[in-house]
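model this:
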Amino acid sequence: MVGSEKMIWLRRALAVLVPVAVLMVGAGSFVLLAHTRPEFAPSAPAERIWPVSAHTVTVGDFRPRLSVYGAVVAERPAELRASVGGDIVDLGDGFADGAFVAAGDLLVAIDPFDYEQAVVEQQASLDEARAGLDQLTATLAMNDDTLARNRELLEIAERDLARQETLAARGTVSASALDEARRTRVAAQQTVEASQNTLRVDEARVAQQEATVARLEAGARMAERNLVRTRLVAPFDGFVLDPAGDLGQRLSANERVATLIDPSRFEAHFQLSETQYGRLLVDGDDLVGRSATVVWSLGDARLEFAATVTRVTGALDATTGGVGVYARLDPLDADTPLRPGAFVEVILDDRTYADVAVLPATALHGDQVYVITAEDRLEPRQVQVADWVDQSVLIAGGINPGERVVTTRLSEVRAGARVEIR
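Have a look, this model is predicted:
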């Protein structure tokens, strides 16, 4: 019995002591390892290298190209109207929208019958008036001759009277003979005066008839001109726009028939902002006379036309504050596909900037750029911006030729950062 109790007690003691012994051995091992572990010094983090793009600086004069947009217009579209009224009896082959006609080609013919009759009537009246003028002129010439003869008779009568008066003073002629000579002289004077009056009347009649002839000549010319105007022809080479009229239709005088545009006088009309206009004015070169290129884009096709700035609009656009400008295209012909209303790009020389560096706009950070040093580190530079052109910035000072400027936008750009050009 005693032996059994001892065994039970021993088992209970071992159940308590064994876990305690295990814990103590573990704790001792942890303390031993902690005191005997090697010491490691912390290493510094590796420096980050930023991959960037760079632009090598060059300095010189720079003249950018200014690009604006506008539309093609006809410089002087001719609105053709019927000069006389009447029924349309014929149409030209080119009387169609978009057709090209040469100068002198028929567009519309109006029935000429009434105008032919007017020419005949005016000519007949003119011939009659000319015949009357010839008759009056002949009468004037005859009366002029009569006046000359009557003046001769007057001179004879005056000489005879003088002779009779001389003889009467000597007492060699009778008083009745002297009176007869005086009556003859008075009669000759009256005849001359009557002839002069007749001649003046004849001259007035001739002048009146000459005025009648001149009036009828003007009427005849007008009738002939109206007859010519029954055929409306193209005044110059050009394209027909919006034709109006058909066979049998009656046109009134001054009624619109069509519009004709001259391809040799096409213009590009575009707007310059006040800033752009002022920049061009300070360049020293006149805007008028400046060369330009007009570009018409048709899908993948790109048609270019040479042009020259010819004028600026007479008034500014108060709504946009822009300045209207016209550039005349070099003369085109019937084969050109260009037409008024086409939306085009106009490219012309901008002002000249002296001694500037041209950098991508991404190189500028506020008012400074970052230059890459020989050690491939960033160095900030204050710069002077001359202007912006499209996606570029023009730098007038602060950097030197040959230096490399970062053009990549970095999220943590700072002085001294190390970079690698890629």
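
got the domain boundaries for the chain?
52-62+353-421, 65-74+262-349, 114-228 (automatic domain parsing).

now those as JSON lines including distance to Val89?
In this view, the C-beta of every residue, glycine as well, is placed from N, C-alpha and C. JSON lines is the format used below for the domains of the chain (distance: least, C-beta to C-beta, whole Å):
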{"stretch": "domain 52-62+353-421", "distance to Val89": "60"}
{"stretch": "domain 65-74+262-349", "distance to Val89": "28"}
{"stretch": "domain 114-228", "distance to Val89": "12"}
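
Would you mind saying which of these lies nearest Asn254?
Among these, the nearest to Asn254 by C-beta to C-beta is domain 114-228 (13.3 Å).

What residues sit buried inside stretch 291-305?
Ala292, Thr293, Val294, Trp296, Phe305 (16 or more other C-beta atoms under 10 Å).

Can you measure across it, start residue to end residue?
11 Å (C-alpha to C-alpha, to the nearest Å).

same thing with stretch 55-64?
Taking C-alpha to C-alpha, stretch 55-64 runs 18 Å from one end to the other.

Thr259: which element?
Assigning secondary structure by DSSP states H and E places Thr259 in strand 256-261.

Show me the contact partners of the helix or strand just after that strand.
Downstream of strand 256-261, the first helix or strand assigned by DSSP H and E is strand 266-272. Residues outside strand 266-272 that contact it (C-beta atoms under 8 Å, 6 or more residues apart in numbering): 68-75, 280, 292, 294, 307, 310, 317, 320, 322-329, 332, 338, 340, 344, 346.

Put the buried members of these into a ChimeraX selection.
Listed next is the ChimeraX selection for buried residues among these, using 16+ other C-beta under 10 Å:
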select :68,70,72,73,74,75,280,292,294,307,322,323,324,325,326,327,328,329,338,340,344,346
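
rewinding a little: looking at the domains of the chain, which is nearest to Leu251?
Taking C-beta to C-beta, domain 114-228 is the member of the domains of the chain nearest to Leu251, at 13.2 Å.

Find me the pLDDT at Thr36, would you?
The confidence metric pLDDT takes the value 66 at Thr36.

With Glu128 instead?
Glu128 is given a pLDDT of 94.

Is it correct that it falls within a helix?
Yes - under DSSP: H, G, I helix; E, B strand; the rest coil, Glu128 sits within a helix.

Distance check, it against Leu136.
Going from Glu128 to Leu136 by C-beta to C-beta, to the nearest Å gives 13 Å.

How about Val312?
63 Å.

who's more crowded, the two?
Just comparing Val312 and Leu136: by other C-beta atoms under 10 Å the higher neighbour count belongs to Leu136, 19 against 15.

so where does that one fall, helix or strand?
Using DSSP H and E, Leu136 falls within helix 113-170.

what's the answer for Leu359, then?
If you go by DSSP H and E, Leu359 is part of strand 353-360.

now swap in Glu345 and tell me
strand 343-349.

can you list contacts of that strand?
Under C-beta under 8 Å, 6+ apart, the answer for strand 343-349 is 63, 65-72, 268, 270, 290-297, 307, 309, 327.

and the residue lying closest to Ala396 once chain neighbours are set aside, how many residues sit next to it?
The spatial neighbour of Ala396 that comes closest, neighbours along the chain excluded (C-beta to C-beta, 6 or more residues apart in numbering), is Ala386 at 4.0 Å. Using other C-beta under 10 Å, Ala386 has 18 neighbouring residues.
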